[in-house]
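Engineer: the following comprises the amino acid sequence and a computationally predicted model.
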Amino acid sequence: MVLKKGTHVNATHWQVTAKCSGCSKWGDEDTGITHLDANAENPLAFAYSDVPVNDAAKNDSSFNIHDRIGHWVHDFSQGANANFAASLAKIA
């Protein structure tokens, strides 16, 4: 579900804010399945580049390899929100 608040497009950038249901696992039998546990610590990663994408107005624009990557562990249980459904309804 794409959330209207937090989703923006301009001439140089695009941002999509979405609620994803069922996105807590990925992979395949060859590489293995990764599962996120909402009640525990999970490994996360990031990547970025100082070089912009070829055409920022297109969400399928190509880009070069990343300049920097990193990994950390985040405790998902700390982000629990008992009123999540009500909060989501306000921004959907």
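Structural biologist: Cool, the structure landed.
Engineer: contacts only, for residue 14.
Structural biologist: 8, 56, 57, 59 (CB atoms under 8 Å, 6 or more residues apart in numbering). From N, CA and C alone the C-beta is placed, and that goes for glycine too.
Engineer: mind pulling up the pLDDT for it?
Structural biologist: Per-residue confidence at residue 14 stands at 85 (pLDDT).
Engineer: all strands for the chain, in order.
Structural biologist: Here the chain has its strands, by DSSP state E, at 8-9, 14-15, 25-28, 32-35, 41-48, 68-75.
Engineer: now for the last one, which elements pack on it?
Structural biologist: Going back to what we said before, that points to strand 68-75. With contacts defined as 3 or more CB pairs under 8 Å, 6 or more residues apart in numbering; DSSP states H and E, strand 68-75 has these neighbours: strand 41-48.
Engineer: if you rank the contacts of residue 14 by neighbours, which is first?
Structural biologist: Counting neighbours by other CB atoms under 10 Å, residue 56 comes out on top of the contacts of residue 14 with 15 neighbours.
Engineer: the nearest residue to that one once chain neighbours are set aside: how many residues sit nearby?
Structural biologist: Excluding the flanking residues, the one nearest residue 56 by CB to CB, 6 or more residues apart in numbering is residue 12, at 4.7 Å. Per other CB under 10 Å, the neighbour tally for residue 12 reads 9.
Engineer: fine by me, thanks again.
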